[in-house]
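A.B. asks: Test case, fold it:
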Amino acid sequence: MNNNFLLRSLMFVPGNNIKLLESAAKSKADVLLLDIEDSVPNSYNKQYARDTIQQFIAEGKFANYSVFPRVNDRESGHLLKDIYQLTIPGIDGFMYPKSTKGEDIYFFDKLLETIEYEKNLPIGSFKIIPLIETTGAVLNVQDICKASKRVLAIAYGCEDFITDLGGIHDAEALSLFTPRAMIAMAAKANKVVPIDTVHINVHDLVDLEKNLKIAKNLGFEGMLILNPKEIDLVHKYFTPNSLEIENAKEILDSYQKAQKEGTGVTIINGKFIGPPIVSAAKKILSKYEKLNKNKKNVVVINTLSNVSKKNSDTDQNKFKLKV
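C.D. replies: Model (predicted):
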């Protein structure tokens, strides 16, 4: 799917916590995942979360963000209220949890379609980010990607996955490696964006960086976030730097010149430039263009080499969110 969404950092925020919602509205995150599911207990709080999210949207507090509420699953008894009340301007789509197969996403797609029709909204207005957090979902991840044209990205939820597996989240994250690789490959094979799992130890930025290196090597393009202090480091790894941008421009210029001259390929600094490298260069420039369209990210690009690990450490870290 071609999209204009910037998906480097997707931050969970409990939808019923006004203090954390206010903090999120001042954060550098690309996407706000406003939670109505695991971190919001019982029907009363879930309704309070829906009402609060509507209020923040109406007041324009999330106008500079892509907003995807994490709704409750189809067997919860809350899903219909979630999406009927939040299919409103200012909401870009929904994170759907606990899907185990493509049929779950197909069902959710049709539910959204029915509501869009009833509200006289264009069909397909709201996108879907399935959360891959069960063993079944990992094994069926290709079907999940293909189940709806609304699927913009897929995100890995490691803690529920490990619980479902009956395994152990080991210090080296070896038990996470295979599902990580499967999710990234399935996403790329179906032209959706792979988003890596949360980093549970939010205060350990050294370990976060180690995981970001793995994520980038595997092909992930963004990460789920639990705390604003993680955002700068995440953006460092998922934002093209100035050298990558210049190299990409040089590759495309040289390749286009070669095409005009009928040679088809070219060589830069002794490196053969063929279609795969040209495709990678186009992706870098596409992400750069998305960043330029978003005013709050201009400073990030210009100061990328000076990214600081010192972040505003709000009370976001005080809540524990099951992902």
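
A.B. asks: Tell me where the model's unsure across the stretch 201-323 of the chain.
C.D. replies: Flagging of the stretch 201-323 of the chain using pLDDT under 70 yields the residue ranges 264, 294-323.

A.B. asks: Do a quick rundown of the helices in it.
C.D. replies: Here the stretch 201-323 of the chain has its helices, by DSSP state H, counting those that start in this stretch, at 205-218, 231-238, 242-260, 275-293, 298-302.

A.B. asks: Tabulate those in TSV, adding columns for distance to Lys28.
C.D. replies: For glycine as for every other residue, the C-beta is placed from the backbone atoms N, C-alpha and C. Output for those, formatted as TSV (distance: least, CB to CB, whole Å):
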stretch	distance to Lys28
helix 205-218	15
helix 231-238	5
helix 242-260	19
helix 275-293	12
helix 298-302	7
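
A.B. asks: Of the ones you listed, which is nearest His78?
C.D. replies: If you check each of the helices of the stretch 201-323 of the chain against His78 by CB to CB, helix 231-238 wins as the nearest, at 29.3 Å.

A.B. asks: Run through the neighbouring helices and strands of that closest one.
C.D. replies: Under the contact criterion of 3 or more CB pairs under 8 Å, 6 or more residues apart in numbering; DSSP states H and E, helix 231-238 touches strand 9-14, helix 205-218, strand 222-225.

A.B. asks: Please produce a markdown table containing those, extended by mean neighbour count and distance to Thr263.
C.D. replies: Conversion of those to a markdown table gives the following (neighbours: other CB atoms under 10 Å; distance: least, CB to CB, whole Å):
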| stretch | mean neighbour count | distance to Thr263 |
| --- | --- | --- |
| strand 9-14 | 26 | 41 |
| helix 205-218 | 16 | 32 |
| strand 222-225 | 27 | 37 |
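
A.B. asks: nearest to Ser125, of those?
C.D. replies: Closest among the helices and strands packed on helix 231-238, using CB to CB: strand 9-14, at 19.6 Å.

A.B. asks: After the closest one, heading C-terminal, what element do we hit next?
C.D. replies: Later in the chain than strand 9-14, the nearest helix or strand by DSSP states H and E is helix 18-24.

A.B. asks: Out of the helices of the stretch 201-323 of the chain, which is the most enclosed?
C.D. replies: helix 231-238 (a mean of 21; mean count of other CB atoms under 10 Å).

A.B. asks: follow-up on the earlier one: so for Cys145, which of the helices of the stretch 201-323 of the chain sits nearest?
C.D. replies: Across the helices of the stretch 201-323 of the chain, Cys145 has its closest neighbour in helix 205-218 (16.2 Å, CB to CB).

A.B. asks: Mind listing residues that contact that closest one?
C.D. replies: 173, 177, 180-181, 184, 194, 196, 199, 201-202, 223, 229-230, 233-234, 236-238, 309 (CB atoms under 8 Å, 6 or more residues apart in numbering).

A.B. asks: In CSV, list the C-alpha atoms belonging to stretch 142-149.
C.D. replies: Extracted C-alpha coordinates of stretch 142-149, given in CSV (Å, rounded to 0.1, in the frame of the first residue of the first chain):
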residue,chain,number,x,y,z
GLN,A,142,0.5,-13.2,5.3
ASP,A,143,-3.2,-13.8,5.3
ILE,A,144,-3.6,-10.9,7.8
CYS,A,145,-1.7,-8.6,5.5
LYS,A,146,-3.9,-9.6,2.6
ALA,A,147,-7.2,-9.6,4.3
SER,A,148,-8.0,-5.9,3.7
LYS,A,149,-6.8,-3.0,1.6
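
A.B. asks: hmm, back to that, tabulate the helices and strands packed on helix 231-238 (CSV), appending distance to Arg70.
C.D. replies: Output for the helices and strands packed on helix 231-238, formatted as CSV (distance: least, CB to CB, whole Å):
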stretch, distance to Arg70
strand 9-14, 7
helix 205-218, 20
strand 222-225, 10
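
A.B. asks: what's the closest residue to Gly157 other than its chain neighbours in contact with, if anything?
C.D. replies: Distances taken as CB to CB, 6 or more residues apart in numbering put Glu133 closest to Gly157, at 3.2 Å, once the chain neighbours are dropped. Each residue near Glu133 by CB under 8 Å, 6+ apart is listed here: 97-98, 156-161, 164, 323.

A.B. asks: and those, which of them are in strands?
C.D. replies: Those of the contacts of Glu133 mapping onto strands are Tyr156, per DSSP state E.

A.B. asks: Relative to Pro122, which of the contacts of Glu133 is nearest.
C.D. replies: Using CB to CB, Pro97 comes nearest to Pro122 of the contacts of Glu133, at 25.4 Å.
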